[in-house]
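> Provided below for reference: sequence and predicted model.
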Amino acid sequence: MSISKSTNYRVKNFVLVIISLTLSLFFADLILANYETSRNILRSQSHIYQDDDRYGWKFIPGLHSLNNPFGESIEVSVNKDGFRGNLGNRNASTIDTKKVIFIGDSVTAGMQVNDGETFSDLLNELSKGNFETYNFGINGFSTDQSLLVLEDYIEKISPDFVVYTFVLNDPEFNLEKKLTHNGYSWGKPFFDQELVFHKKEFSKLSNVEYTEKIKNFFRENSSIYRLLSRAKNKFVANKSSCSALDSVIDRYSEYKSKIWKDRWAMTEKLILKMKEMSESNDAKFLMVDHIEPAYADENVAKELEHCGKKLNSEININAPRIMISNIANRLSLTFVQTSFKENYQFTKQKNCDLNFLTPEKKLIDGHLTKCGHELLATKLFRQLRDY
C-alpha cells in the first residue's frame, strides 16, 4: 500500500513539474516575443503568398499586418490581382498624366514599408499625381516572371514608362523551374535558352524531412527557438554556412562558371525582350539598379574570410555591378543608378538610413527603408520628369 502511495506521489510530482515547465516556457516565450520585436528575430512572411498558375506565386489579396525588419508593425494592402497597392484609377487619367509600370521582386514590392511609402507610391506623390504608378513587384520574382507580368498588363494599362528594378539575385533563378525558401519549393515558370516558355510544373511543395518540419513549426511559432537559433548561429562555428557560400561564390567570381555565364546570358535576353515589348507599345523602358549597401559588401567579405577565401582578382565583390552595367550599355538602356556618394549625402541630409541597420550601423536587412524608397523615388522623378 505504501509503495502504491509513493508511486502516485512521484507521478503527481512529475505531472506538476511538467505543467510548471510548460507554463514557464509559455510565459518566457511571451516575454521574448516583446524582446525580439526590437532585435529582429522575426517570423517569415510566408503566410502572405498564394499559388499562381501563371507566375508561380503572388500575394494574397487583402490588408496584411506585418513586421518590418526592425519589428515595427506595418500595414500592407494587396489588390485583387495579387499585387501591392491599388491598380490605379485608369478611367480618371488626364491627357497630361503619365502611367508608369514597375516590375521586379521584393525591392519593388517594398513589403518592408507601409502603404504609401514604396518608391512607386512616393513617385506618384512627388509628381502630385502627374505620374500614375502601378506596382507589380513580387517577392522572389526573377527576371522571367517580371517579363510575364509585363506581357499580361502592358496592353491593359498602356504605360508611358516601364521600370524594371534589377537586384543581385535576379539571374540565379531565370533558368530554374523552382524557388526554394523556408523549407518549401515553389514551382515557377521559366524560359529556356532558346526563349521557349515553360509553364510551372508543380505548386508549393514541402521539401524537408519530418524533423525539419518540426523545426520550421517552432521557427514560425516560438520566440525561444528563434533566440536559441540566433545564438547558435552567432557563437557556434557553422561549417554549413561555408558550404552555402560555396554554392553562390561564383556570383562574385567574374562569372567564369558555365552556369553563371548561362544565367547572365539569359538575363540579358529577358531584359532585351522587356525593352522590345515596351517600345512596341510606345513606352520608354528604364532599368533601376538596386545597389547592395556597402554594409552588405562588408558582410560578404567577412564571410569569405571566415571560410578561408580571400578577395582577389578571382573573387570580386563588384562583379554583379560590372555585369549589369555591361548589359545596360550593350542594350542602350536608360540605367538609373545611385552612387555611394549620393547615398551618403542623402542619408546625412535626411538623417536616416537607406537599409535596415542596427544603431552600430551593422546590416540587418538589405531591403530599402522608407528613407531608401524616398531616395529612389527622388532619383526616378528627376529622370522621368525630363522626358
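Here it is on my side, so go on.

> As a check, name the ranges of all helices in the protein.
2-37, 106-109, 119-126, 143-157, 210-221, 223-235, 239-248, 258-280, 294-306, 319-330, 340-350, 370-385 (DSSP state H).

> between these, which gets the lowest average pLDDT?
For the helices of the chain, mean pLDDT drops lowest on helix 239-248, to a mean of 54.

> Disregarding flanking residues, what is the spatial nearest neighbour of H47?
I60 (7.9 Å; Cβ to Cβ, 6 or more residues apart in numbering). C-beta coordinates here come from the backbone N, C-alpha and C atoms, glycine included.

> OK, contacts around that neighbour?
Counting by Cβ atoms under 8 Å, 6 or more residues apart in numbering, I60 touches 47-50, 78, 82.

> Now a ChimeraX select for only the buried ones of those.
To isolate the buried members of those in ChimeraX, using 16 or more other Cβ atoms under 10 Å:
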select :48,49,78,82
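
> so can I have JSON lines of the contacts of I60 showing distance to I271?
Shown next, in JSON lines, are the contacts of I60 (distance: Cβ to Cβ, whole Å):
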{"residue": "H47", "distance to I271": "32"}
{"residue": "I48", "distance to I271": "28"}
{"residue": "Y49", "distance to I271": "25"}
{"residue": "Q50", "distance to I271": "27"}
{"residue": "V78", "distance to I271": "27"}
{"residue": "G82", "distance to I271": "24"}
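
> tell me the least confident of the contacts of I60?
Among those, H47 has the lowest pLDDT, at 78.

> how close does it get to W186?
With distances taken as Cβ to Cβ, to the nearest Å, H47 is found 14 Å from W186.

> again with L147
Separation of L147 from W186 (Cβ to Cβ): 18 Å.

> Give me the more crowded residue out of the two.
L147 (24 against 20; other Cβ atoms under 10 Å).

> show me what contacts the more buried one?
L147 neighbours (Cβ under 8 Å, 6+ apart): 103, 191, 270, 273-274, 277.

> neighbours around E201, how many?
11.

> ok, it touching W186?
No. Using Cβ atoms under 8 Å, E201 makes no contact with W186, being 11.1 Å away.

> what's the neighbour count on K361?
Residues near K361, counting by other Cβ under 10 Å: 10.

> make that R385, sorry
12.

> Kindly report the same for D96.
Applying other Cβ under 10 Å, we find 7 residues neighbouring D96.

> ok, so what distance separates the residue nearest to G85 when sequence neighbours are not counted from G110?
Spatial nearest neighbour of G85, excluding adjacent residues (Cβ to Cβ, 6+ apart): N135 at 5.1 Å. Distance from N135 to G110, counting by Cβ to Cβ: 8 Å.

> Distance check, L357 against K370.
Taken as Cβ to Cβ, the span from L357 to K370 is 13 Å.

> dump the residue contacts of H290.
107, 165-168, 368.

> Look up phi and psi at R54.
phi -80, psi -50 (degrees, to the nearest 10).

> who's in contact with it?
Contact analysis of R54 by Cβ under 8 Å, 6+ apart lists 148, 152, 189.

> ok, the first one - contacts?
With contacts taken as Cβ under 8 Å, 6+ apart, L148 has the following neighbours: 54-55, 189.

> quick check, nearest of the contacts of R54 to K361?
Closest to K361 out of the contacts of R54 is L148 (38.5 Å), distances taken as Cβ to Cβ.

> Tell me how far the closest one lies from A328.
Relative to A328, and taking Cβ to Cβ, L148 is found at 22 Å.

> same question, C371
Taking Cβ to Cβ, one finds C371 at 26 Å from A328.

> before we move on, what about Y134?
23 Å.

> And the two? Which one has more around it.
Set Y134 next to A328 and count neighbours by other Cβ under 10 Å: Y134 wins out with 25 against 19.

> Tell me the spatial nearest neighbour of G137, not counting adjacent residues.
Using Cβ to Cβ, 6+ apart, the closest residue to G137 is T108 (2.7 Å).

> how about the one you found, what does it touch?
102, 118, 120, 135-137, 165 are the contacts of T108 under Cβ under 8 Å, 6+ apart.

> for A265, same thing?
Q193.

> try the one 10 residues further on
The neighbours of K275, taking Cβ under 8 Å, 6+ apart as the test, are 285, 331, 333.

> My guess is the last one contacts L286. True?
Going back to what we said before, that points to L333. Yes. With contact defined as Cβ under 8 Å, L333 counts as touching L286 (7.2 Å).

> Strands of the stretch 51-200 of the chain, start to end?
Secondary structure of the stretch 51-200 of the chain (DSSP state E, counting those that start in this stretch): strands at 56-59, 62-67, 73-78, 98-104, 131-137, 161-166, 178-181, 184-187, 190-191, 197-198.

> Surely F131 and D121 touch.
No. Look at F131 against D121 with Cβ under 8 Å: they stay out of range, at 10.5 Å.

> So for N135 and G110, which residues contact both of them?
84, 118, 120.

> Do you know the pLDDT at the second one?
Looking back up the chat, that one is T118. 96.

> Sounds good, over and out.
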